[in-house]
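Enquirer: This is a predicted model, with the sequence first.
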Amino acid sequence: MNHDLEDQAERLYDVFAELARAFQYRDREQICCHGVTISQCHALEMLQARGPMTMSELARALFLDASTVTRVVDHLVEHGFALRTVDVADRRVYRVRITDEGDRLVCQIRRDLVAEQREVLQQVSAASREAVIAALGRLLDAFEARQIRSSSFSHSTDHQDRKEDAP
């Protein structure tokens, strides 16, 4: 293996680990003050972006297991942020969608977090901002492609849509 590549991989790991910690702390502070957890917020964002989904689809999209998604959705439904219904095409399947209240919550959280990102970007030169965003986008694409290749979610969550596995 190329020594430079090995060194770069080590440095990328260190930077991403610290970035993830910073975001998790930031997210916890920002999101929890709105009454939802980070996982619940991610689920709402996914439902807002993609529309109604089966429980299995949501689990795959969030890279979470069936029981975790069930607990996440239970809380969202209980607080009026999402609605879970039986699929009309297959009554054994549950579908979940965001409610208007959930949509408003996601929009408020996003406004707050984008304001924070604006402050962060002010620390980066105007000439470098687009390059930083593009590079992060390419890294995200690479991470997601790797996750999809190594994921067993497509096999482990197929049964999740069935009524007997969901509340």
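Expert: That came through, no problem.

Enquirer: which residues in this protein form helices?
Expert: Secondary structure of the chain, counting by DSSP state H: helices at 3-32, 38-50, 55-62, 66-78, 100-121, 126-150, 153-156.

Enquirer: Can you say which of those helices is nearest to Val88?
Expert: When those are compared by C-beta to C-beta, helix 55-62 sits nearest Val88, at 15.5 Å. Quick note: C-beta positions are derived from backbone N, CA and C, even for glycine.

Enquirer: Give me the distance from the closest one to the chain's centre.
Expert: Going by C-alpha atoms, centre = their mean, to the nearest Å, the spacing between the C-alpha centre of helix 55-62 and its chain's C-alpha centre is 10 Å.

Enquirer: for it, packing partners?
Expert: helix 38-50, helix 66-78, strand 94-98, helix 153-156 (3 or more C-beta pairs under 8 Å, 6 or more residues apart in numbering; DSSP states H and E).

Enquirer: hmm, try it at 10 Å
Expert: Judged by 3 or more C-beta pairs under 10 Å, 6 or more residues apart in numbering; DSSP states H and E, helix 55-62 is in contact with helix 38-50, strand 53-54, helix 66-78, strand 94-98, helix 153-156.

Enquirer: Of those, which stretch is the most buried?
Expert: Mean neighbours per residue, mean count of other C-beta atoms under 10 Å, is largest over the helices and strands packed on helix 55-62 for strand 94-98, with a mean of 21.

Enquirer: What's the mean pLDDT across it?
Expert: In this model, strand 94-98 carries a mean pLDDT of 97.

Enquirer: That one versus helix 55-62: what angle between them?
Expert: Between strand 94-98 and helix 55-62, the angle formed by their directions is 50 degrees, by axes from the mean of the first three to the mean of the last three C-alpha atoms, to 10 degrees.

Enquirer: which residue packs closest to the residue nearest the centre of the chain, ignoring adjacent ones?
Expert: Here the mean C-alpha position of the chain is nearest to the C-alpha of His42 (C-alpha atoms, centre = their mean), at a distance of 3.8 Å. Counting by C-beta to C-beta, 6 or more residues apart in numbering, the nearest residue to His42 once its immediate chain neighbours are dropped is Leu62, at 5.9 Å.
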